[in-house]
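Undergrad: could you work out the structure for the sequence below:
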Amino acid sequence: MSQLSIPSTQGAVILKQIGKPLEWSQLPVLAPGEDEVLVKVHAAGLVPIDWELRDHGILSIRERLPAVLGFEGVGTIVRQGTEGSIKFPIGTKVIFKGGATQASPFLYGALQEYVPTQSRYLAAVPEDCTSEQAATLSINPFTAAVCLFHEAGINIPLPSSSRASSYDYSSQSLVVLGAGTSVGKFIVQFARIVGFRMIVAIASPSSLIDLKSYGATHLIDRHSPDIVAQVLEAVANDLKYVIDATPGANAEPDRNLEFFKRPGGTLVQLSVGESFKESSKSAAAVKGVNLKRIFADYSIQPDFATEWVPLFQTWLGEKKIQIPSFEVIPALDASKVNAALDDIKAAKSGVRYVVKIST
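TA: Predicted coordinates for the structure are as follows:
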């Protein structure tokens, strides 16, 4: 298919000032650079880092304003930067991740009508998957994969890797705190897909039924006063891996260390902020627990991302992945996007939001 007709300007929801609401704006449509494609955006998924960027200016975004947020997106390829250099032809609907581009030093995410993005990380959308569903399948699944299969996480072998043939997935037990979060739900599913023997999911009661269908073998209400005792009973005091998928500010590393009764375990927590407190590091050292705090992004783990994306696309095609529920914002409306980010920040409803941008 030849290059499609593309406008010179577009609508976008942008961040102009840290700590202020996102605003509607008109922006130029940028041409894709080498090994990039231009995507007409159909839908964008909102994730916690979007409100953290808006409210706190993390990741040095202050030097890159104005910025377009939206790390998860789906759209149709309408232009390619280098003829013949992309994995998919023009007209293919793809899952992509927003971020910096060659054409702009600013953060250039999915909350706009057209966006350049790197071709190496694209995944084709399955035919039976809607654009809104696909818009939830970029950064959250990737973060879950890094937690499980990357050296920054618990570092079990990626099933497509050479290490996988000699690794006994069926002997492994895993505890997932924050299992009801978007990342937590994918961690549970991936552990089930590779064949973990035991998956203990700790979440709010409203999430537990879904987590059972995702593959959790044991369910624990996060409000229970005896969470540690319930976990230890389930794993018979022999636990090697704990992943805390709750947002960094709400994580409790010191409490989580209580799950380990033997040295040699690994505790992984998600964060884009500061490192662990010295007291937590000392407590982990005493117990012999490897304490890890990660931030996952294609630009941070590029080689792993190149391995992960084809595997994830295969799992999608084989219908091994259940897509968690979400709420659709029917248009690129700045006020509604801000309200959704405020709700994600409050961390009370647990609702996942997708912004519909075009058909």
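Undergrad: contact partners of stretch 200-208?
TA: 173-180, 184-185, 188, 211, 214, 216-223, 227, 231, 234-235, 350 (C-beta atoms under 8 Å, 6 or more residues apart in numbering). C-betas here are computed from N, CA, C, even on glycine.
Undergrad: of these, select the buried ones using a ChimeraX command.
TA: Once 16 or more other C-beta atoms under 10 Å is used to decide burial, the buried members of those can be selected in ChimeraX as follows:
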select :173,174,175,176,177,178,179,180,184,185,188,211,214,216,217,218,219,220,222,227,231,234,235,350
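Undergrad: state the pLDDT value of Met1.
TA: Here, the pLDDT recorded for Met1 equals 47.
Undergrad: can you give me the helices for this protein?
TA: Using DSSP state H, the helices found in the chain span residues 48-56, 131-134, 139-149, 182-194, 205-214, 227-235, 253-256, 278-287, 302-317, 334-346.
Undergrad: okay, how far is it across stretch 196-206, tip to tip?
TA: 24 Å (C-alpha to C-alpha, to the nearest Å).
Undergrad: could you list the buried residues of it?
TA: 196, 198-203.
Undergrad: hang on, the earlier thing: so which of the helices of the chain gets nearest Leu30?
TA: The closest of the helices of the chain to Leu30 is helix 48-56. By C-beta to C-beta, the value is 19.8 Å.
Undergrad: tell me the angle of the closest one relative to helix 182-194?
TA: 160 degrees (axes from the mean of the first three to the mean of the last three C-alpha atoms, to 10 degrees).
Undergrad: and the contacts of helix 48-56?
TA: 15, 18-22, 58-59, 61, 67, 69-71, 107, 109, 139, 247, 272, 341-342, 344-345.
Undergrad: break this structure into its domains for me.
TA: Split into domains by automatic domain parsing, the chain comes to 9-137+323-356, 141-294.
Undergrad: looking at those domains, which is nearest to Trp315?
TA: domain 141-294 (6.5 Å).
Undergrad: gap between the two ends of that closest one?
TA: First residue to last in domain 141-294 (C-alpha to C-alpha) measures 14 Å.
Undergrad: only alpha carbons, please: show stretch 307-325 as CSV.
TA: C-alpha atoms of stretch 307-325 as CSV (Å, rounded to 0.1, in the frame of the first residue of the first chain):
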residue,chain,number,x,y,z
GLU,A,307,12.8,-10.6,22.3
TRP,A,308,9.6,-10.1,24.2
VAL,A,309,7.4,-8.4,21.6
PRO,A,310,7.3,-11.4,19.2
LEU,A,311,6.6,-13.9,22.1
PHE,A,312,3.8,-11.7,23.4
GLN,A,313,2.3,-11.4,20.0
THR,A,314,2.4,-15.2,19.7
TRP,A,315,0.6,-15.6,23.1
LEU,A,316,-2.0,-13.1,21.9
GLY,A,317,-2.6,-15.0,18.7
GLU,A,318,-2.9,-18.3,20.6
LYS,A,319,-5.5,-16.6,22.9
LYS,A,320,-3.4,-17.3,26.0
ILE,A,321,-3.9,-13.7,27.3
GLN,A,322,-7.1,-12.4,28.9
ILE,A,323,-7.4,-8.7,28.6
PRO,A,324,-8.4,-7.0,31.8
SER,A,325,-11.5,-4.8,31.8
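Undergrad: for it, list every residue counted as buried.
TA: Residues of stretch 307-325 classed as buried: 307-309, 311-313, 315-316, 321, 323-324 (neighbour count, 16+ other C-beta under 10 Å).
Undergrad: closest to Pro89 out of the residues you listed?
TA: The closest of these, once distances to Pro89 are taken by C-beta to C-beta, is Gln313, at 16.0 Å.
Undergrad: measure the closest one to Leu53 for me?
TA: Note on Gln313: its distance to Leu53, by C-beta to C-beta, to the nearest Å, is 28 Å.
Undergrad: relative to Asp55, how far out is the closest residue to Gly195 other than its chain neighbours?
TA: Using C-beta to C-beta, 6 or more residues apart in numbering and skipping the chain neighbours, the partner closest in space to Gly195 is Tyr169 (4.2 Å). Between Tyr169 and Asp55 the computed distance is 39 Å (C-beta to C-beta).
Undergrad: what's the answer for Pro66, then?
TA: 16 Å.
Undergrad: also Pro247?
TA: 13 Å.
Undergrad: on that earlier part again, OK, contacts around the residue nearest to Gly195?
TA: 156, 194-196 are the contacts of Tyr169 under C-beta under 8 Å, 6+ apart.
Undergrad: before we move on, back to that, now, among the buried residues of stretch 307-325, which is nearest to Lys356?
TA: Ile323 (15.8 Å).
Undergrad: let me see the backbone angles for that closest one.
TA: phi -90, psi 120 (degrees, to the nearest 10).
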